[in-house]
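*Asks:* Sequence first, then the predicted structure:
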Amino acid sequence: MSRILVRVVTTVVVATSVILLASGLAFAGPPTPPPATYDLPTVIDHLRWWVCGIVGGVATLFLTVGGVRYLMASGDPSEIERAKGAFKSAGIGYALALLAPVLMTVLRSIVQV
């Protein structure tokens, strides 16, 4: 038992020594500039792209789920109706993704920036 303990302690000491000796000195670099600040139109523009991406991704998920349900329905009318509902949700999602730039433009005009 003590032989195993000596091997474990020796391995830990050697590994720690190698890690400490292999790492070089840490030198401080120049200070990083502060993060960029954005004005409101830039924030709205970034928000528009995020909304388009998220809504498009969710719509694609619904389209995939609807397709899998339709393929796995095996003629079951209730499962086919669920698949059609998923297809309808995907269509609404894609429509919203296409309308997001228009909605963000309306938001920008309301904020008047």
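*Replies:* Arrived safely, thanks for sending.
*Asks:* With L99 as the reference, measure out to L71.
*Replies:* Shown here: L71 relative to L99, a distance of 30 Å by C-beta to C-beta, to the nearest Å. For glycine as for every other residue, the C-beta is placed from the backbone atoms N, C-alpha and C.
*Asks:* So for those two, which residue has more residues nearby?
*Replies:* Between L71 and L99, counted using other C-beta atoms under 10 Å, the more crowded position is L99 (14 against 9).
*Asks:* Mind pulling up the pLDDT for the more buried one?
*Replies:* Listed pLDDT for L99 reads 86.
*Asks:* which other helices and strands contact the helix or strand hosting it?
*Replies:* Secondary structure from DSSP states H and E places L99 in helix 77-111. Judged by 3 or more C-beta pairs under 8 Å, 6 or more residues apart in numbering; DSSP states H and E, the packing partners of helix 77-111 are helix 40-72.
*Asks:* Could you tell me the angle between the helix it packs on and helix 77-111?
*Replies:* Calculated by axes from the mean of the first three to the mean of the last three C-alpha atoms, to 10 degrees, helix 40-72 forms an angle of 170 degrees with helix 77-111.
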